[in-house]
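> Show me how the following folds:
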Amino acid sequence: MANVFKNAVANNVTTVTTVYTVPVATTATVIGLVIANDSGADTTATVEVTDDSSGITVKLCASTPIPAASNLNVLNTNNRLVLEAEDLIKVTAVAACDVIVSVMEMT
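Prediction:
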């Protein structure tokens, strides 16, 4: 079984954007998820995870405030998220934000 660290990024997110999709025949552990507000004004962000096998979508955070020139650590060293093949992480922000998702993929 191979373990590979990867990052998925999206910039200027303002609409529902799929930032990361777990590849087929892969399990992923999300080890970090940071949203940076680079819009110059306060904004809010929502992060959703879709479990492909059940078709259920849940929110990790909903309309969470991010002050101007600041960031939101949704997942960090104190918590992890395990995803299965074809699960998705989607982010929506009111004003332009950059997003980085750090994962360890296991195949």
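> now the strands for this protein?
Under the criterion DSSP state E, the chain contains strands at 3-13, 17-21, 27-37, 43-51, 56-66, 71-75, 81-83, 88-93, 97-106.
> which of those strands is buried the deepest?
Per residue and on average, the most neighbours among the strands of the chain fall to strand 88-93, with a mean of 22 (mean count of other C-beta atoms under 10 Å). For every residue, glycine as well, the C-beta is placed using N, CA and C.
> Quick check: mean pLDDT of that strand?
Across strand 88-93, the average pLDDT comes to 98.
> And that strand, what does it pack against?
strand 3-13, strand 17-21, strand 27-37, strand 43-51, strand 97-106 (3 or more C-beta pairs under 8 Å, 6 or more residues apart in numbering; DSSP states H and E).
> and if we set it to 6 Å?
strand 17-21, strand 43-51 (3 or more C-beta pairs under 6 Å, 6 or more residues apart in numbering; DSSP states H and E).
> Dump the ones you listed into CSV; add distance to Leu72 and mean pLDDT as well.
Shown next, in CSV, are the helices and strands packed on strand 88-93 (distance: least, C-beta to C-beta, whole Å; pLDDT from 0 to 100):
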stretch, distance to Leu72, mean pLDDT
strand 17-21, 14, 98
strand 43-51, 6, 98
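> Tell me how far the residue nearest to Val30 when sequence neighbours are not counted lies from Asn12.
By the measure of C-beta to C-beta, 6 or more residues apart in numbering, the closest residue to Val30 outside its immediate chain neighbours is Leu81, 4.0 Å from it. Noted for Leu81: a distance of 24 Å to Asn12, by C-beta to C-beta, to the nearest Å.
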